[in-house]
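*Asks:* only geometry, no sequence info:
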Ligand SMILES: Nc1ccn([C@@H]2O[C@H](COP(=O)(O)O)[C@@H](O)[C@H]2O)c(=O)n1
Ligand SMILES: C[C@@]1(CO)OP(=O)(O)OP(=O)(O)OC[C@H]1O
């Protein structure tokens with residue numbers, strides 16, 4: 001069994017939605033990012049890579065690489081899943097916490113669990129999506145950006 005953790009932040013910018021946990025969430029801001037800026041999936045990718053000491057998302061998908069401009073982060077997640085599969089592991093469970101004042105994550109959490117579970121080939125009850133505000137403190141509290149943390153366990157396939 002192997003444990004991993006990940007963390008990601010993106011600033012809000014102009015836009016009318018964000019991608020979060022593989023789901024399009026309507027919002028009055030977008031995020032500034034090279035890819036689609038899905039903090040939940042980026043944190044989860046880093047947790048999965050970290051569990052096997054495979055580096056981080058920027059090593060596998062460099063921001064300098066034009067192939068990843070505007071990329072769907074679900075492809076990053078599926079690639080990370082393939083990497084762990086090649087090494088004889090699969091995801092046991094993952095727990096993701098999204099940190100922002102808005103948008104409200106709760107109404108979208110089940111769709112995120114199902115999207116992630118589908119990409120990883122695990123049941124939805126292996127994926128937890130939680131959210132918290134920071135009580136209007138700090139950059140998330142001021143609505144300047146969004147953050148996510150993830151932990152995961154990998155088990156032998
Ligand atoms: N972006 C968010 C933030 C929070 N929630 C839900 O609200 C609950 C209360 O948040 P506090 O920060 O006041 O503890 C939290 O437990 C989440 O269920 C949310 O859906 N989206
Ligand atoms: C995902 C990548 C892809 O180029 O770029 P961003 O969308 O900017 O996201 P970040 O969380 O900074 O991770 C780095 C990159 O791997």
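*Replies:* Great, that's in hand. Bear in mind the structure is a predicted one, so any value in this text is a computation, not a measurement. Ligands and ions are numbered 1, 2, ... in the order given.

*Asks:* Helix or strand: which one has residue 150?
*Replies:* Counting by DSSP states H and E, the element that carries residue 150 is strand 145-156.

*Asks:* can you give me the strands in the protein?
*Replies:* Ranges of strands within the chain are 2-13, 17-20, 23-26, 30-31, 89-99, 127-132, 145-156, based on DSSP state E.

*Asks:* Deepest-packed of those, please.
*Replies:* Using mean count of other C-beta atoms under 10 Å, the stretch among the strands of the chain with the greatest mean number of neighbours is strand 17-20 (a mean of 23). The way it works is simple: take the backbone N, C-alpha and C, and place the C-beta from them, glycine included.

*Asks:* any residue of that strand up close to ligand 2?
*Replies:* No: Strand 17-20 stays clear of ligand 2 (C-beta under 6 Å from any ligand atom), getting no nearer than 9.9 Å.

*Asks:* Can you tell me the closest non-neighbouring residue to the residue most central in space within the chain?
*Replies:* Centroid check for the chain by C-alpha atoms, centre = their mean gives residue 41 as the closest residue, at 1.7 Å. Of all residues not flanking residue 41 in the chain, residue 73 sits nearest, at 4.0 Å (C-beta to C-beta, 6 or more residues apart in numbering).

*Asks:* List the beta-bridge partners for residue 152.
*Replies:* residue 4, residue 94 (DSSP bridges).

*Asks:* Make sure it is actually in contact with residue 90.
*Replies:* No: using C-beta atoms under 8 Å, residue 152 is not in contact with residue 90, being 10.7 Å away.

*Asks:* Contact residues of the protein facing ligand 2?
*Replies:* Counting by C-beta under 6 Å from any ligand atom, the chain sits next to ligand 2 at 8, 33-35, 37, 42, 57-58, 61-63, 68.

*Asks:* Could you take those residues and lay them out as TSV, with extra columns for distance to ligand 1 and pLDDT?
*Replies:* Below are the residues of the chain next to ligand 2 laid out as TSV (distance: C-beta to the nearest ligand atom, whole Å; pLDDT from 0 to 100):
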residue	distance to ligand 1	pLDDT
8	15	98
33	18	98
34	24	97
35	21	98
37	16	98
42	17	98
57	22	98
58	25	97
61	26	97
62	30	96
63	26	93
68	26	96
